[in-house]
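>>> Sequence and predicted model, in that order:
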Amino acid sequence: MTAGAVLVFSATAGYRHASIPAGAAALAELAERQGMPARHTEDPGDLRPDALAGCAVVVFLSPTGEVLHDRARAALRGFVTGGGGFLGVHAAACAEYDWPYYGELLGARFDGHPPVQPADVHVHDRTHPATAHLPAVWRWTDEWYDFRAGPAGRGVRVLASADGTSYEGGATGADHPLVWCHRAGAGRVFYTALGHLGSAYADPDFRGHLGGALRWCAGAAE
């Protein structure tokens, strides 16, 4: 791939989100607007050192289950720790449960969710390029993930959280991070739990969220 490219990976071995095609198209458009050619794949063989050497960012777009073989795992780990960017979107928290490094990389593991419904997102950091354009309280409709453990204590920068009192059925409680970022070795890691619905990827606020995340993961913005 061309230097500074974006590789979008969305293989599934469990539940498959119908929003993946819309998400892949949106991410490609957002990346290319920033001068980063993009490619979508579901082949773990594309996660290999020679291909990743040309990438700025690898995006895991709602993969589920155990989808990587050992060579792909080693290549992804080397890419991130060596300075590459990693962006996890929505069900990225539902993949690779038997790979401890991946859980550390992402910062959380999916545990469950109530039905899709609107809720309030509290935006804590309005200086990050992924959240600077959002209001302090953002009303949004999504699938609100509960996590087995949150990213607290892992050196992460929490950018936004769900207000558990604004929707029904959540199990995480008051401290419910949704969006965060951190460093892993020399690399940059960003995760957003949002993005269940295909319609999200046409929404200007959500597209701005993903575009800012791409810029930050690529090292083009702080």
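In hand now; what should we look at? Numbers count the residues shown, from 1 in each chain.
>>> which non-adjacent residue is nearest the most centrally placed residue in the chain?
Centroid-nearest residue in the chain, with Cα atoms, centre = their mean: Gly88, separated by 2.1 Å. Spatial nearest neighbour of Gly88, excluding adjacent residues (Cβ to Cβ, 6 or more residues apart in numbering): Tyr191 at 4.2 Å. No exception for glycine: its C-beta is placed from N, CA and C like everyone else's.
>>> Please put the alpha-carbon coordinates of the helix or strand where Leu210 lies into PDB.
Using DSSP states H and E, the element containing Leu210 is helix 204-217. This file holds the C-alpha atoms of helix 204-217, laid out as PDB (Å, rounded to 0.1, in the frame of the first residue of the first chain):
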ATOM      1  CA  PRO A 204     -21.800  14.800   9.800                       C
ATOM      2  CA  ASP A 205     -21.000  14.700  13.600                       C
ATOM      3  CA  PHE A 206     -20.100  11.100  13.500                       C
ATOM      4  CA  ARG A 207     -18.100  11.500  10.300                       C
ATOM      5  CA  GLY A 208     -16.200  14.300  12.000                       C
ATOM      6  CA  HIS A 209     -15.600  12.000  15.000                       C
ATOM      7  CA  LEU A 210     -14.100   9.300  12.700                       C
ATOM      8  CA  GLY A 211     -12.100  11.800  10.600                       C
ATOM      9  CA  GLY A 212     -10.600  13.400  13.700                       C
ATOM     10  CA  ALA A 213      -9.700   9.900  15.000                       C
ATOM     11  CA  LEU A 214      -8.000   9.100  11.800                       C
ATOM     12  CA  ARG A 215      -5.900  12.300  11.900                       C
ATOM     13  CA  TRP A 216      -4.900  11.700  15.400                       C
ATOM     14  CA  CYS A 217      -4.000   8.000  14.800                       C
END
